[in-house]
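Undergrad: Got a sequence here, can you model it:
(2 chains)
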2 protein chains.
Amino acid sequence: MDIEVLEGVFDANEKIAAENREIFAKHKVFAVNLMASPGAGKTSLIEGTITGLGGRLRIGVIEGDIASSVDSQRLKVHGIQVVQINTGGACHLDANMIRQALEHLDLSTLDLLIIENVGNLVCPAEFKLGEGLRAMILSVAEGHDKPLKYPLMFSDSQVLIVNKTDLLGLSDFDMEDLRATVKRMNPGITIFELSCRTGEGLESWTNWLYDQATA
Amino acid sequence: MDIEVLEGVFDANEKIAAENREIFAKHKVFAVNLMASPGAGKTSLIEGTITGLGGRLRIGVIEGDIASSVDSQRLKVHGIQVVQINTGGACHLDANMIRQALEHLDLSTLDLLIIENVGNLVCPAEFKLGEGLRAMILSVAEGHDKPLKYPLMFSDSQVLIVNKTDLLGLSDFDMEDLRATVKRMNPGITIFELSCRTGEGLESWTNWLYDQATA
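TA: Predicted structure coming up:
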């Protein structure tokens, strides 16, 4: 008899993430794991993405928060499928939480599923969810020195969205320094600069995301 | 024979935190655990506090980061004792890390020890360090809706510093809403509004901190 020994919590998570990936593939749903610090603009980017895609893709959202349904209420006005996960203290989403949330979504009617992770630049990077794209946001207000302090998130994401570029003139944020540091850590990463507040730069991101989701 | 069973990692941490508290008391050092999201302004507030106290207290700093010594290098120019902890991936400081850092500080020459925690609005709230004051920063750029999403940090801190008030006119941050929400969750909390960038409001904070540290 073979006994399968799971090497702790990470392996168990990877196993469920792989199953989630199969579920997404079967339903031709492109899943995005959206990670960032608190207040970097995750929900605002989702709103901008829904507007920017203008119905070209059928979008669903899984909202991850420790508590509250503030964000899912913001998104429901857009008339899309939204499922709220409250982690009840846990600092990240894991693959099993996503599995449970999927039971409340009709994947056959979706092209794109955006998963808004808990606001945290550390722990979410360690837990794969089965996503097709690992995306992170850094807000200009957070400063350009963050990659060195939170290396896993920056080196493991496939796309970095630098949000709140409308604040660039009001801070000492050095975009060239940021780009150089991130590219050194993660040469393959794609970087967008935009402002969810003014809308500047959003079109490049949504067009790129559309291409990724339909490739 | 009595066998002491520690109820997991939290109890073990509480035990060492209590010992740290005794060490601080013995040396008459007032320890502040400073917590916030990445980029909320922890290091800037420490710099402003050093300047604002103007030598009235002898200050030491423990810098917590996952990686890098960016912040401790910023602080060393102020001619104070600084110890850097690199957690190597861990998303928070714990009491045992502080214990080890204390071996590199001369507590007999300090009045105030500021411990800058890892940038994270979730996990640091769960680990006591032995501090005399639990302080948190929220940046205006993060938005006023954060208390509902990160309840433990807001309900367990003794002081909330709202930083980057120079950005108030550029965002839809609602200070009255924030104050009402936080006071409902944590009636005893003291709230300061300031801008480390312009210096506005810093004096009230440093004077209050001086009173706390010398009480």
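Undergrad: Residue A:27 - how many residues pack around it?
TA: Neighbouring residues of residue A:27 were enumerated by other CB atoms under 10 Å in any protein chain shown; the total is 17. From N, CA and C alone the C-beta is placed, and that goes for glycine too.
Undergrad: should've said residue A:149
TA: 23.
Undergrad: Wait, it touches residue B:69, no?
TA: No: Residue A:149 is not in contact with residue B:69 according to CB atoms under 8 Å; the separation is 9.9 Å.
Undergrad: middle-most residue in chain A, spatially?
TA: The residue lying closest to the centre of chain A (CA atoms, centre = their mean) is residue A:34, at 0.7 Å.
Undergrad: That one and residue A:137 touch, don't they?
TA: Yes: look at residue A:34 against residue A:137 with CB under 8 Å: they come within range, at 7.1 Å.
Undergrad: list the helices and strands whichever helix in chain A runs longest packs on?
TA: When chain A is parsed with DSSP state H, its longest helix is helix A:8-26. Other elements packing on helix A:8-26 under the criterion 3 or more CB pairs under 8 Å, 6 or more residues apart in numbering or on different chains; DSSP states H and E are strand A:30-36, helix A:95-102.
Undergrad: Which residue, other than its chain neighbours, is closest to residue A:190?
TA: Closest residue to residue A:190 apart from its sequence neighbours, by CB to CB, 6 or more residues apart in numbering or on different chains: residue A:159 at 4.6 Å.
Undergrad: Can you pull the phi/psi pair for residue A:92?
TA: Phi and psi for residue A:92, reported as degrees, to the nearest 10, are phi -160, psi 160.
Undergrad: Next, work out how far apart the residue nearest to residue A:190 and residue B:13 are.
TA: 37 Å (CB to CB, to the nearest Å).
Undergrad: go on, residue A:124?
TA: According to CB to CB, residue A:124 and residue B:13 sit 23 Å apart.
Undergrad: and if you look at residue A:87?
TA: Taking CB to CB, one finds residue A:87 at 21 Å from residue B:13.
Undergrad: Give me the more crowded residue out of residue A:124 and residue B:13.
TA: Higher neighbour count among residue A:124 and residue B:13: residue A:124, with 27 against 19, using other CB under 10 Å.
Undergrad: Thought residue A:131 was touching that one, still the case?
TA: No: using CB under 8 Å, residue A:124 is not in contact with residue A:131; the gap is 10.9 Å.
Undergrad: Show me the common contact partners of those two, please.
TA: residue A:33 (CB atoms under 8 Å, 6 or more residues apart in numbering or on different chains).
Undergrad: Now stretch A:73-81 - C-alpha only, CSV.
TA: What follows is stretch A:73-81, C-alpha atoms only, in CSV (Å, rounded to 0.1, in the frame of the first residue of the first chain):
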residue,chain,number,x,y,z
GLN,A,73,-20.3,45.5,-1.9
ARG,A,74,-18.3,48.0,-4.0
LEU,A,75,-18.0,45.5,-6.8
LYS,A,76,-21.5,44.2,-6.8
VAL,A,77,-22.8,47.4,-8.3
HIS,A,78,-21.0,46.4,-11.5
GLY,A,79,-23.4,43.6,-12.0
ILE,A,80,-20.8,40.8,-11.9
GLN,A,81,-20.5,37.6,-9.9
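Undergrad: And it, what's buried?
TA: A:74, A:75, A:80, A:81 (16 or more other CB atoms under 10 Å in any protein chain shown).
Undergrad: and which of those is nearest chain B?
TA: residue A:74 (9.3 Å; CB to the nearest CB).
Undergrad: As a check, name the ranges of all helices in chain A.
TA: Using DSSP H, helices in chain A cover A:8-26, A:42-53, A:70-76, A:95-102, A:146-149, A:151-156, A:175-185, A:202-214.
Undergrad: of all the ones you listed, which lies closest to residue B:176?
TA: Minimum separation from residue B:176 across the helices of chain A (CB to CB) falls at helix A:70-76, 17.2 Å.
Undergrad: What's the mean pLDDT across that closest one?
TA: Average pLDDT, helix A:70-76: 93.
Undergrad: gap between it and the chain center?
TA: With CA atoms, centre = their mean, to the nearest Å as the basis, helix A:70-76 stands 16 Å off its chain's centre.
Undergrad: again, but for stretch A:168-176
TA: For stretch A:168-176 - counting by CA atoms, centre = their mean - the centre lies 24 Å from the chain centre.
Undergrad: what do you get for stretch A:149-161?
TA: 11 Å.
Undergrad: List of residues touching that stretch?
TA: Identification of contacts with stretch A:149-161 by CB under 8 Å, 6+ apart yields A:35, A:45, A:121-122, A:124-126, A:133-138, A:146-147, A:182, A:185-186, A:188-192, A:194, A:205, A:208, B:38, B:65-68, B:70-71, B:89, B:119.
Undergrad: Chain B contacts on chain A?
TA: By the rule CB under 8 Å from any CB of the partner chain, the part of chain A lying against chain B is A:37-40, A:65-68, A:70-71, A:89, A:91, A:118-123, A:139, A:141-143, A:145-146, A:148-152, A:164, A:166-167, A:170.
Undergrad: buried subset of these?
TA: Judged by 16+ other CB under 10 Å, buried ones among those: A:37-40, A:65-66, A:68, A:70-71, A:91, A:118-123, A:139, A:141-143, A:145-146, A:148-152, A:164, A:166-167.
Undergrad: pLDDT weak spots in chain A?
TA: Low-confidence segments of chain A (pLDDT under 70): A:1-7.
Undergrad: try 50 this time
TA: A:1 (pLDDT under 50).
Undergrad: contacting residues for the closest residue to residue A:21 other than its chain neighbours?
TA: Once flanking residues are discounted, residue A:21 sits nearest to residue A:130: 4.1 Å by CB to CB, 6+ apart. By CB under 8 Å, 6+ apart, the residues touching residue A:130 are A:16, A:17, A:18, A:19, A:20, A:21, A:23, A:24, A:31, A:95, A:98.
Undergrad: What distance do you get for residue A:130 to residue A:98?
TA: In terms of CB to CB, residue A:130 sits 7 Å off from residue A:98.
Undergrad: any common contacting residues for these two?
TA: Residues within reach of residue A:130 and of residue A:98 at once, by CB under 8 Å, 6+ apart, are residue A:20.
Undergrad: What residues are bridge-paired with the closest residue to residue A:41 other than its chain neighbours?
TA: Leaving aside its chain neighbours, residue A:41 sits nearest to residue A:163 (4.2 Å; criterion: CB to CB, 6+ apart). Beta bridges link residue A:163 to residue A:139 when assigned by DSSP bridges.
Undergrad: Relative to chain B, how far out is residue A:163?
TA: As judged by CB to the nearest CB, to the nearest Å, residue A:163 and chain B stand 10 Å apart.
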